[in-house]
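Undergrad: Okay, predicted coordinates and the sequence, questions at the end:
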Amino acid sequence: MKLGFKDFFIKLDKLTPTVFYLTGPEEYLKLRAKERLLARPDCAGFARVRMQGRELDVQELWDSLNSPQLFSSGEIIIIEKVEKIKAADKRSMLEVLEAYFETEAAGKIVVMISEAQRMDVADPLEGFLLANPSAAHVFFPVLTEEDVVSWAKGELRRKNIEVGQESLERIARSYANELYSWANLIKNLELSLGSKKRAEPQDVEMLLADSSPKEDRLLDELSDTAYALLDRSRSAPACLGQALFLSDGLFAAGVEGPQAAALRLMRAFADAVYELGVAKSGTYSSRQKRDYNLGVRLKKAASLWSWESVRKLYSVLIDGEMDLKTGRLAPESAAKKFLMAFTDACVAGKSGASGSGGSRLFAAQGTH
């Protein structure tokens, strides 16, 4: 069964499918959809089981769907990054779901979330879900600016916040259809206004001055690249190429100048190394507790790194900040040298090799 995302939100509490498949490029709406599913009144008291596409254990899925609930009234099984499931596991998963749909055990709901842009009817698993009336497929497209502004007006009304038309147009010029950015601004506006319900133009301007959606998005992608180097989910050359590309975009988008852009880039990698160290120590940071996916990645990464290799990553971070803060290199050059040295250290940490050649490439290109 296919559902438009607007119908999904309107009819959510009355929908009866036992499998929900959420796909499409609009991440914020998918997040809200998952939250709304988990908050449904009929799901109160349900246990939650979380699984990841790449590390999916089909036997665990089978056990979850077929074991009785002893300590809760039901169970919601959330499978993230479905597009990463291996072909062999997809075939096994199809068999599990076929058997599940024959019995549809009471108190079991499966929520599958994919970053794929569309459903593939030729894929046996996805074709089966599309044809099954007990499964609901909801596609979340990139919204137009008009749709996002309309959504924002509804959110503001719901929170009893009054924002003038001029201010809305000003936000739209900055954020266009960046739904995440609108949502964060509304949240921050609610916090900053307190009991005051009308947002003056200066209130909006102050919040806009503190944010750069494009810069934040680039930093998120750089952070993901850092974790990919640490958990080796992508090759070092691919990560380096991506990081250098994102670095160029960051310097072009930086609202506080090149020095701040370079520093923020290095801090994104420093945060990743810190999280690796926490995971390796056998504990969990507050961020890892909030972000299940990150915890899974770091658990994998922790087993791949020795403490000596982690210390070498910290040395690269210290050298990078020294290049930047002492003025030994211009900010963009310091950032490039840092990215290449970090990649070298990751390759050496994996294989004992001297590096990926990033530093030699940097020397050949020059430092300014």
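TA: Yep, it's here. What you are looking at is a predicted structure, and each value in this text was computed from that prediction instead of being measured.
Undergrad: Can you report how many residues lie near Arg290?
TA: Around Arg290 sit 10 other residues, with neighbours defined as other CB atoms under 10 Å. Placement of C-beta: from N, CA and C, glycine included.
Undergrad: Report the backbone C-alpha coordinates of stretch 53-62 in CSV.
TA: Listed next in CSV are the C-alpha coordinates belonging to stretch 53-62 (Å, rounded to 0.1, in the frame of the first residue of the first chain):
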residue,chain,number,x,y,z
GLY,A,53,21.0,-2.6,7.5
ARG,A,54,24.7,-3.3,7.0
GLU,A,55,24.9,-5.3,10.2
LEU,A,56,21.5,-6.8,10.0
ASP,A,57,21.2,-10.2,11.8
VAL,A,58,18.3,-12.0,10.1
GLN,A,59,18.1,-14.6,12.9
GLU,A,60,17.7,-11.8,15.4
LEU,A,61,14.8,-10.4,13.3
TRP,A,62,13.2,-13.8,13.1
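Undergrad: For the remainder of this discussion, apply numbering that starts at 31.
TA: Fine by me, first position is 31 from now on; the one you just mentioned is stretch 83-92.
Undergrad: mind listing what's buried in that stretch?
TA: Buried residues in stretch 83-92, counting neighbours by 16 or more other CB atoms under 10 Å, are found at Gly83, Glu85, Leu86, Val88, Leu91, Trp92.
Undergrad: same deal with stretch 272-287?
TA: The neighbour-count criterion (16+ other CB under 10 Å) identifies Gln272, Ala273, Leu274, Leu276, Ser277, Gly279, Leu280, Phe281, Ala283, Gly284 as the buried residues of stretch 272-287.
Undergrad: Check stretch 163-181 too.
TA: Buried residues in stretch 163-181, counting neighbours by 16+ other CB under 10 Å, are found at Ala165, Ala166, His167, Val168, Phe169, Phe170, Leu173, Val178, Val179, Trp181.
Undergrad: Contacts only, for the fourth one.
TA: Under the criterion of CB atoms under 8 Å, 6 or more residues apart in numbering, the contact list for Val168 reads Lys32, Leu33, Gly34, Phe35, Phe38, Phe50, Tyr51, Leu52, Thr53, Gly54, Ala63.
Undergrad: which one of the buried residues of stretch 83-92 sits closest to Val234?
TA: The nearest member of the buried residues of stretch 83-92 to Val234, counting by CB to CB, is Gly83 at 39.5 Å.
Undergrad: tell me what the longest helix that the chain contains is packed against?
TA: Among the elements of the chain assigned as helix by DSSP state H, the one spanning the most residues is helix 288-310. In this structure, helix 288-310 packs against helix 243-261, helix 266-283, helix 316-320, helix 322-332, helix 337-355, helix 361-381, with contacts taken as 3 or more CB pairs under 8 Å, 6 or more residues apart in numbering; DSSP states H and E.
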